[in-house]
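1. This is the structure alone, sequence omitted:
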Ligand SMILES: Nc1nc2c(c(=O)[nH]1)N[C@H]1C(S)=C(S)[C@@H](COP(=O)(O)OP(=O)(O)OC[C@H]3O[C@@H](n4cnc5c(N)ncnc54)[C@H](O)[C@@H]3O)O[C@H]1N2
Ligand code: MOO
């Protein structure tokens with residue numbers, strides 16, 4: 001390891017050295033969670049016609065104003081039909097929600113406010129009416145060409161609806177980095193296998209996958225390598241040819257079989273940093289370059305803390321987003337006796353942060369229910385404002 005740097009310095013290095021991704025066109029129905037690279041604009045006025053907002057009748061308001069309360073029904077305007085017109089302003093037309101307002105009409109009366117007898121609509125004595133009533137005027141929401149969803153928006157349900165409404169079946173979004181996750185370790189076996197007493201099941205790939213894929217921040221491939229120089233070297237070389245970013249877990253501390261730092265040194269040289277004054281996650285290392293490589297300490301709590309504090313913000317930065325953590329008060333006192341600042345597993349609930357510190361960085365079962373981490377400098381009383389990083 002190298003002399004420890006601060007959390008802030010490590011973050012600055014990562015954010016400044018990772019590349020920004022370009023953009024690509026994808027099917028709009030694949031764009032959920034992706035960051036928009038070209039704005040979605042209105043292809044015509046919205047609404048594109050005076051839209052009837054209630055089922056009822058459409059009248060000429062002047063007739064109502066001059067005292068008329070009985071209107072012969074001269075026709076029906078259904079949604080999806082080209083507009084018909086009101087020839088005689090002392091009659092009315094039946095209209096349906098979503099229909100074009102018939103020409104010659106400027107007021108809609110709800111069906112609840114009329115009684116129809118023998119083809120005549122009788123308005124109730126208390127029937128409200130005014131010019132423009134229950135009409136959604138053409139162009140009142142947006143002009144043609146107006147930006148409806150700006151560059152940088154994350155596509156969710158409303159944005160998907162807006163894109164469809166203007167005929168954008170394809171959207172331009174920032175590319176997802178291809179991430180190769182290299183997990184390491186002889187003791188960790190696939191989850192579906194039965195471990196020997198000296199083995200455990202691998203859990204990093206599902207955790208990291210859930211975090212990255214859940215936020216639509218990257219396209220993740222995982223390979224697992226045993227603790228040998230050759231296997232690690234081959235995996236890294238392969239990743240350097242195909243990936244935009246390599247993440248590793250484990251093998252980055254001081255053990256005899258911790259090969260990540262020596263193999264990387266032989267391949268590309270010294271890391272920009274190796275060691276952060278923090279707990280957990282102290283041995284995190286970073287090699288910038290054409291294919292940046294980030295080595296996460298193998299302890300499961302360290303992996304998740306480093307994902308929340310560094311990797312997810314860095315991936316957001318790679319899609320051009322200037323993401324900042326939100327600040328919340330601590331729900332309860334948190335004791336923190338470590339010599340370094342803490343990245344403490346926490347649950348965000350009721351607008352405050354409920355810290356749930358694990359017993360040590362191998363205590364992954366203590367993470368259940370946690371939604372991210374908060375950053376603490378020292379023991380802190382309830383109410384202290386802390387930065388919260390979701391995973
Ligand atoms: N002499 C020192 N020893 C250690 C130091 C130190 O400064 N001096 N740092 C400690 C800290 S802090 C950490 S964190 C760990 C990090 O070690 P590594 O990155 O080398 O990780 P490993 O030793 O490979 O694994 C640690 C732990 O995590 C388990 N593990 C690994 N991969 C997986 C996986 N895919 N799924 C589930 N669990 C996994 C592994 O079995 C180990 O128990 O080093 C300390 N040592
Ligand atoms: O820094 Mo390590 O991640 O404490 O266990």
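-> Arrived safely. What you see is a predicted model, and the numbers here were worked out from it, not measured in a lab. Numbering: from 1, shown residues only. Ligands and ions are numbered 1, 2, ... in the order given.

2. where does the protein dip in pLDDT?
-> Scanning the chain for pLDDT under 70 picks out no residues.

3. Please, where are all the helices along it?
-> Per DSSP state H, the chain carries helices over the ranges 7-17, 61-65, 157-165, 204-214, 229-242, 260-268, 300-306, 312-318.

4. Name the stretch among those that sits most buried.
-> helix 300-306 (a mean of 27; mean count of other CB atoms under 10 Å). All C-beta atoms are positioned from the backbone trio N, CA, C, and that covers glycine.

5. That helix: how far from the chain's middle?
-> 21 Å (CA atoms, centre = their mean, to the nearest Å).

6. one step back: dump the helices of the chain to a markdown table, plus distance to residue 86.
-> A markdown table is the format used below for the helices of the chain (distance: least, CB to CB, whole Å):
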| stretch | distance to residue 86 |
| --- | --- |
| helix 7-17 | 63 |
| helix 61-65 | 10 |
| helix 157-165 | 29 |
| helix 204-214 | 55 |
| helix 229-242 | 67 |
| helix 260-268 | 77 |
| helix 300-306 | 66 |
| helix 312-318 | 55 |
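
7. Of all those, which one comes closest to residue 374?
-> helix 300-306 (10.3 Å; CB to CB).

8. How about residues contacting the closest one?
-> For helix 300-306, contacts defined as CB atoms under 8 Å, 6 or more residues apart in numbering pick out 203-204, 207-208, 211, 249, 280-282, 284, 296-297, 343, 345, 358, 360-364, 366-367, 373, 391.

9. returning to what we had before: switch the helices of the chain over to CSV; also include distance to ligand 1.
-> Below are those laid out as CSV (distance: least, CB to the nearest ligand atom, whole Å):
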stretch, distance to ligand 1
helix 7-17, 15
helix 61-65, 72
helix 157-165, 35
helix 204-214, 4
helix 229-242, 12
helix 260-268, 8
helix 300-306, 4
helix 312-318, 19
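
10. Against residue 98, how distant is residue 83?
-> 13 Å (CB to CB, to the nearest Å).

11. can you give me phi and psi for residue 48?
-> Backbone torsions of residue 48, given as degrees, to the nearest 10, read phi -80, psi 0.

12. Could you verify my assumption that it touches residue 140?
-> No: using CB atoms under 8 Å, residue 48 is not in contact with residue 140; the gap is 11.2 Å.

13. Run a quick check on residue 119 versus residue 73, I expect a contact.
-> Yes: counting by CB under 8 Å, residue 119 touches residue 73, with 5.4 Å between them.

14. These two - which one has more neighbours?
-> residue 73 (16 against 9; other CB atoms under 10 Å).

15. now the more buried one, which residues is it bridged with?
-> Counting by DSSP bridges, residue 73 forms beta bridges with residue 92.

16. got the contact list for it?
-> Applying CB under 8 Å, 6+ apart, the residues near residue 73 are 57, 91-94, 116, 119-121.

17. go again using 10 Å as the cut-off
-> 57, 91-94, 114, 116, 118-121 (CB atoms under 10 Å, 6 or more residues apart in numbering).

18. ok so, going back, next step: the contacts of helix 300-306 restricted to strands.
-> 249, 296, 343, 345, 373 (DSSP state E).
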